[in-house]
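Q: build me a model from this:
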Amino acid sequence: VGLSGVVSVASLSAVSTAGAITQSGGSVAVTTGTTNLTAATDITLSQSSNDFASTVNATGRDIDIEDANALTLGAVDASGSVAVLSTGHLALAGNVQGTLITAASSAGALTAGTLTATAGAIDLDAAGAVTLNGNVTSAAAVTVDSSAGAVSQTAGTTLTASGSAVVNAAADVSLAGAVSAALVDVDATGGSLSVNDLTATSGALTLDATGAVSVVGDLTAATTLGVRSSAGGVTQSTGSTMSGGGSLTVSSRNNATLAGTVTGASVTAASTAGALTVSSLNATTGAIDLDAAGAVRLNGNVTAANGLTVDTTSGGITQVGGNITVAAGVTSLAATTDITLETTTNRFAGAVNANGANINLAAAGNLSIGAVSASGDAALSATNTLNLNGNITAQAVTGRSTAGDVNVGNVIANTTMTLEALRTVTMTGTI
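A: Numbering: from 1, shown residues only. Got it, this is the predicted structure:
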């Protein structure tokens, strides 16, 4: 079936039982009704002046359709590729299937229902907002891009790719369903970012937004996991998990609240202009590094395989709940106000260094104190041996071992020094 010249009809039905449906020049205008296209081979209605006022259904091999205005696709079944282009709103309203799918709206929004690419990629591009209302499945990669709008995914839907899944938007991104791909990269360059369940099965998972980032569900990465807000805050909901096989990094401009579980080979969390609150942190092979401009609050278990650093440039460090366990390496604490880590079940395998106002540190078993500088008082206690081996300076110094010894090196106490031990107190330095 060959169409040429100007074709204007109320509705259109074209069938080629042994060949293609093609267009050579001119335009096709379907003014009110449905367009149904069936071909044994290709369907090519790719003139930019075409105008399909209602739904277009198509079955064939390679399917290529263009529209000068809005375009709505119903059921599309291609044994080859699907390529659709509109100037206005592009609606992939029905089930669309092909070996690969390319859909674009050059000046409007794009909405998609169920999309399946059996052998290749899915590429969705729009000037306006992109809305994913159905399941999107690709044997290769999925790319979703809005150059001037937002991207949203409806709750209960899935985006699945054997290759990468890349989502870019000039405004907000909201992924309320589930995303699973070899690697996942989501970028909200001009807005906020909200995500539910994201999984990178063999690579990295990266979230980046100008505005606030909200993690409601679970983030899982085979390698590195990164979450960043360049001008907003980062919030993880209670019950959510972030898990990376490699390093895990959270970075925010404003307050960062990690109320769920965070696990990585190493864990870094920072708030460059706000406070930092964490619940459950676990660095399986490396260190935990926490940095904030405001207060740092530890609400749950903090477990580091090799080193712990907590630093605030304008606030204190407070352990509200849980235990701190540092299996190896040094613990370094720095605050402008008080440092309070006084849960008696904490465990520090290496030396603990601290710089702040009033410093209160407690641990089960042995506790080795390195350098401590307190503008206020320092209270240091252990259930077993307490080693005050570094240079310790404070107004009043209290060292206590409830079941072992206290060993003292160099201590400057401007007011009083109190040392208590169940067994012996040994002083070898300058007091």
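Q: next, count neighbours for residue 430.
A: 10 (other C-beta atoms under 10 Å). The C-beta positions use only the backbone N, C-alpha and C, and glycine is treated the same way.
Q: what residues are bridge-paired with the spatially closest residue to residue 344 that is not a sequence neighbour?
A: The shortest distance from residue 344 to any non-neighbouring residue, by C-beta to C-beta, 6 or more residues apart in numbering, is to residue 362 (5.0 Å). Residue 362 has the following beta-bridge partners by DSSP bridges: residue 381.
Q: wait, residue 362 touches residue 382, no?
A: Yes: with contact defined as C-beta atoms under 8 Å, residue 362 reaches residue 382; the gap is 7.3 Å.
Q: who has more neighbours, those two?
A: Neighbours of residue 362 and residue 382, each counted by other C-beta under 10 Å, are more numerous for residue 382; the result is 29 against 21.
Q: any stretches of the stretch 51-200 of the chain with poor pLDDT?
A: Within the stretch 51-200 of the chain, no stretch has pLDDT under 70.
Q: so which bits of the host helix or strand of residue 26 are buried?
A: Element membership of residue 26 [criterion: DSSP states H and E] is strand 22-30. For strand 22-30, a neighbour-count test (16 or more other C-beta atoms under 10 Å) marks 22-23, 27-30 as buried.
Q: from residue 117, how far out is residue 80?
A: 11 Å (C-beta to C-beta, to the nearest Å).
Q: for residue 384, same thing?
A: Separation of residue 384 from residue 117 (C-beta to C-beta): 62 Å.
Q: sheet partners, orientation included, of the strand holding residue 26?
A: With DSSP bridges as the test, strand 22-30 is paired with strand 2-9 (parallel), strand 51-52 (parallel).
Q: related to what we said a few turns ago, between residue 80 and residue 117, what contacts are shared?
A: Common neighbours of residue 80 and residue 117, counting by C-beta atoms under 8 Å, 6 or more residues apart in numbering, are 98-99.
Q: tell me which of these two has more neighbours.
A: residue 117 (27 against 18).
Q: now do the contacts for the more buried one.
A: 97-101, 137-140.
Q: if we go to 7 Å?
A: Applying C-beta atoms under 7 Å, 6 or more residues apart in numbering, we find residue 117 in contact with 98-101, 138-140.
Q: kindly report the same for residue 134.
A: Counted by C-beta under 7 Å, 6+ apart, residue 134 has contacts 112-114, 157.
Q: again, 8 Å this time
A: Applying C-beta under 8 Å, 6+ apart, the residues contacting residue 134 are 112-115, 154, 157.
Q: correct me if wrong: residue 351 contacts residue 370.
A: Yes: using C-beta under 8 Å, residue 351 is in contact with residue 370, at 3.8 Å.
Q: who touches both of the two?
A: 330, 389-390.
Q: please report how far residue 172 lies from residue 215.
A: 15 Å.
Q: apologies, that question was intended for residue 82.
A: 34 Å.
Q: picking that back up, format the strands paired with strand 22-30 as TSV; extra columns: mean neighbour count and distance to residue 423.
A: Shown next, in TSV, are these (neighbours: other C-beta atoms under 10 Å; distance: least, C-beta to C-beta, whole Å):
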stretch	mean neighbour count	distance to residue 423
strand 2-9	13	98
strand 51-52	22	89
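Q: C-alpha coordinates for stretch 377-388, CSV please?
A: What follows is stretch 377-388, C-alpha atoms only, in CSV (Å, rounded to 0.1, in the frame of the first residue of the first chain):
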residue,chain,number,x,y,z
ASP,A,377,35.9,18.6,80.8
ALA,A,378,36.9,15.1,79.6
ALA,A,379,35.3,12.0,81.1
LEU,A,380,36.8,8.7,79.8
SER,A,381,35.7,5.2,80.9
ALA,A,382,36.1,1.6,80.0
THR,A,383,34.9,-1.7,81.6
ASN,A,384,38.4,-3.1,81.2
THR,A,385,41.8,-1.4,80.8
LEU,A,386,41.7,2.4,80.1
ASN,A,387,44.9,3.6,78.4
LEU,A,388,45.4,7.4,78.5
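Q: give the rounded mean pLDDT of it.
A: Averaging pLDDT along stretch 377-388 gives 96.
Q: go on, stretch 254-265?
A: 98.
Q: can you point out the buried residues in that stretch?
A: 254-265.
Q: in this structure residue 132 contacts residue 144, no?
A: Yes: shown here, residue 132 and residue 144 form a contact pair, counting by C-beta under 8 Å, at 7.2 Å.
Q: intersection of neighbour lists for the two?
A: By C-beta under 8 Å, 6+ apart, the residues touching both residue 132 and residue 144 are residue 151.
Q: more neighbours, those two?
A: Using other C-beta under 10 Å as the criterion, residue 132 and residue 144 rank with residue 132 on top: 28 against 25.
Q: show me what the residue nearest to that one when sequence neighbours are not counted is bridged to.
A: Spatial nearest neighbour of residue 132, excluding adjacent residues (C-beta to C-beta, 6+ apart): residue 153 at 4.4 Å. Judged by DSSP bridges, the bridge partners of residue 153 are residue 132, residue 175.
Q: contacts only, for the nearest residue to residue 156 once chain neighbours are set aside.
A: Nearest non-adjacent residue to residue 156, counting by C-beta to C-beta, 6+ apart: residue 177, 6.1 Å away. Residue 177 makes contact with 132, 153-159, 196-197 under the criterion C-beta under 8 Å, 6+ apart.
Q: most widely separated two among the buried residues of stretch 254-265?
A: 254 and 265 (26.9 Å; C-beta to C-beta).
Q: give me the distance between the two termini of stretch 107-124.
A: Start-to-end span of stretch 107-124 (C-alpha to C-alpha, to the nearest Å) is 13 Å.
Q: for that stretch, buried residues please.
A: 108-117, 120-124.
Q: check stretch 232-251 too.
A: By neighbour count with 16+ other C-beta under 10 Å, stretch 232-251 contains the buried residues 232-236, 240-251.
Q: can you check stretch 137-157 too?
A: 137-146, 149-153, 157.
Q: circling back to that earlier point, doesn't residue 172 make contact with the residue nearest to residue 132?
A: No: counting by C-beta under 8 Å, residue 153 does not reach residue 172; the two are 11.9 Å apart.
Q: which parts of stretch 199-213 are buried?
A: Residues of stretch 199-213 classed as buried: 199-201, 203-213 (neighbour count, 16+ other C-beta under 10 Å).
Q: an error on my part: the question was meant for stretch 309-322.
A: In stretch 309-322, counting by 16+ other C-beta under 10 Å, buried: 309-312, 315-319, 322.
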